[in-house]
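# Sequence isn't available, so here's the structure alone:
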Ligand code: C2E
Ligand code: CA
Ligand code: CA
């Protein structure tokens, strides 16, 4: 109610308080001293004139007292202030006591009325109240109009006493005290201004703080040591779902998500960055940071990781899916070859010393029949059903995968060297159904099956797989449904094959290969052609027969370069012979099955002939029957292109394949070569002789010439001549020879 009167306390510092108090004190004292000096001097002079010397003494006394008070205010302001109050009372007393004129004397009393104010300024309210009470006595004196105490025997008075007292009052009330109070008010104004700026600054920094708190880019909580939320920004409120803003506990709103039980204490001191919580509405949040403040509060920065976690999980799922797809066969969902290989190598590496792994390879042979009879969709269904059936028959720990289109593999673990897995494998084979019913249709299940065993210390799954493959080939050749086991002979074969595959890579760049030529003769023994045969002398493997390395080169792709080399070498030889002015005979080049279907075959031959300026009459190509099986149409179109260019074409090894007469008529064949296996049986096997006769008459029907290869004896020659074979090749005539020898031979004729 009295606030407008009392005003609010200012937050002024104690130091500031004394500064303006001292300043006000000095202002009052100095101005008081000056006015006392002026008025005192005038009244003293008047007093001397009338002989009132006591006035001079009093005036001087006051002057000294005030000077001392000024001096004291510099050192001990408290003493200065006390002296000022004492001087005021002394002045009032002197005016009352020593002035004869009662009216003037009464004015002196008014001085004391300023004492409470001054006391309040310098000593506080208590002294001021005391003085207010004390001042009641002089006041009563005046009100009652009682005679004032008087200096006895006071006869005269100063003529100007009235003016002096009035001037004293005027100057004290109108100048000294106001100046002191002005000083105080000035200090107060300045303090209010400072306070106002300070509070404005405070307000703006609070607003800034609020803004930072709201928009710091995270959800922020301010908690006390009991985890009660004192403040939260709106993001934090939204995340944790705080509605009741009073005293909500952080742990009441959040439930621990950590698996670790120790982490579950609901204590803010045990909170750690990275801990995860679940909000009531199922969001996942994590503690980003937690930092204590100077007031024993905690700033907790939260992060909503639900979205991130969902993305992460989706990513993981898609990664898993992707890795599953890349490592599994899409049709049967079984591991694919690469993945099976990885698993196999891993299993072999982890194998205890006295254990071994049997790898069983199964080929679903009846697929061809199902594809042909019911279409490839039915074939796919059969594969899926077969894979499922097989998988169900296998032990839990067995690895099982789809290695190639209809080739599957699985493993059985057993004691090393015991072969005790064989009965188990046989049992699985017998358990496989003879037919599978798919969509009401019965499909036959015919398989070939083979097994290869891991060796102690062996970790390469690829080699085991190779052995399995060889065993499977054996099984398929044997045609019965027993399990073929990969043996040591096959191991030697495989190692040799791998060695050849390695060495062949450097054979051409290192000039390890060359050609030899075997003459072809007429019935009269006249040389009418040559066959180019490749030779390879490897520094590591010695002489390797083409019968051995050509199939390896075919499967490794090296045949590509070998054929290019043969074609180029033959053309070079022909060019040299022609350049030397010698007679040159047509040369036959052997093409492998892969060569016949390669797209650039014609280009390769043509560009080599062009390069060496050779006509197509000088080149012939020998193609085995088996080389034509498979991609028949493509092979025929390539052969026709060669034939159209004038290159002669011979069917090599005739009789070993399955060419029917009708098939043969589709090839642009110039001649047929009777396989040496039949020739070798002349005079031994009537059946072989019959075949040879048939081939010769067949050739006649197709208007082809016949060549017998591998002729070694007179008996053979006689027989072949007798049945009308036109051309001959064999050791009986000439072995394959170096080109210099051939040149010598041809020169001599
Ligand atoms: P091929 O085309 O049937 O070649 C005939 C094979 O019989 C040659 O073996 C030859 O040296 C051998 N030979 C010749 N006369 C007689 C004989 O009176 N008795 C016996 N027992 N053998 C005889 P070679 O040179 O070891 O070639 C083996 C096979 O390698 C060839 O069989 C051919 O299929 C393939 N070949 C050879 N050179 C090349 C080539 O440059 N490219 C391709 N793709 N294959 C080639
Ligand atoms: Ca040949
Ligand atoms: Ca042959």
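Alright, I've got the coordinates. The shown structure was predicted, so the numbers you read here are calculated from the model rather than taken from an experiment. Numbers count the residues shown, from 1 in each chain. Ligands and ions are numbered 1, 2, ... in the order given.
# Residue 343 and residue 399 touch, don't they?
Yes. Using CB atoms under 8 Å, residue 343 is in contact with residue 399, at 5.0 Å. Backbone N, C-alpha and C define where each C-beta goes, glycine included.
# Looking at the two, which has the bigger crowd around it?
The neighbour comparison of residue 343 against residue 399 (other CB atoms under 10 Å) goes to residue 399, with 21 against 17.
# so what's that one closest to, chain neighbours aside?
Nearest non-adjacent residue to residue 399, counting by CB to CB, 6 or more residues apart in numbering: residue 411, 4.5 Å away.
# Surely the one you found is in contact with residue 361?
No. The pair residue 411 / residue 361 is not scored as a contact, 10.6 Å apart, by CB under 8 Å.
# any idea of the pLDDT on the residue of the stretch 51-200 of the chain found nearest ligand 3?
Residue of the stretch 51-200 of the chain nearest ligand 3, by CB to the ion: residue 200 (109.5 Å). In this model, residue 200 is scored at 91, pLDDT.
# Let me see the contact set for it.
Going by CB atoms under 8 Å, 6 or more residues apart in numbering, residue 200 touches no other residue.
# anything in contact with each of residue 343 and residue 399?
Here residue 343 and residue 399 have residue 335 as joint contacts, going by CB under 8 Å, 6+ apart.
# Around ligand 1, pick out the residues from the stretch 601-749 of the chain.
Within the stretch 601-749 of the chain, the positions adjacent to ligand 1 are 622, 652, 653, 676, 709, 710, 711, 712, 729, 730, 731, 736 by CB under 6 Å from any ligand atom.
# Spell out which residues of the stretch 401-550 of the chain are next to ligand 1.
Proximity of the stretch 401-550 of the chain to ligand 1 (CB under 6 Å from any ligand atom) is limited to residues 518, 532, 533, 534, 545, 546, 547, 550.
# Please pick the buried ones from those.
Burial by neighbour count, judged by 16 or more other CB atoms under 10 Å, picks out 518, 532, 533, 534, 546, 550 from those.
# which of the residues in the helix or strand where the last one lies are buried?
Counting by DSSP states H and E, the secondary-structure element that holds residue 550 is helix 546-556. Along helix 546-556, these residues count as buried under the neighbour rule (16+ other CB under 10 Å): 546, 549, 550, 552, 553, 554, 556.
# Looking at that helix now, give me its mean pLDDT.
For helix 546-556, the mean per-residue pLDDT is 89.
# residues touching the residue in the stretch 201-350 of the chain positioned nearest to ligand 1, list them.
Proximity to ligand 1, evaluated over the stretch 201-350 of the chain using CB to the nearest ligand atom, is greatest for residue 337 at 28.6 Å. Neighbour list for residue 337: 401, 402, 403, 404 [criterion: CB under 8 Å, 6+ apart].
# just residue 341 next, same as before
Residues near residue 341 by CB under 8 Å, 6+ apart: 461, 462, 465.
# List buried residues within these.
Buried members of the contacts of residue 341, counted by 16+ other CB under 10 Å: 461, 465.
# Of the contacts of residue 341, which belong to helices?
Counting by DSSP state H, the part of these found in helices is 461, 462, 465.
# With distance to residue 140 added, can I get those in a markdown table?
Formatted as a markdown table, the ones in helices among the contacts of residue 341 follow (distance: CB to CB, whole Å):
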| residue | distance to residue 140 |
| --- | --- |
| 461 | 125 |
| 462 | 128 |
| 465 | 130 |
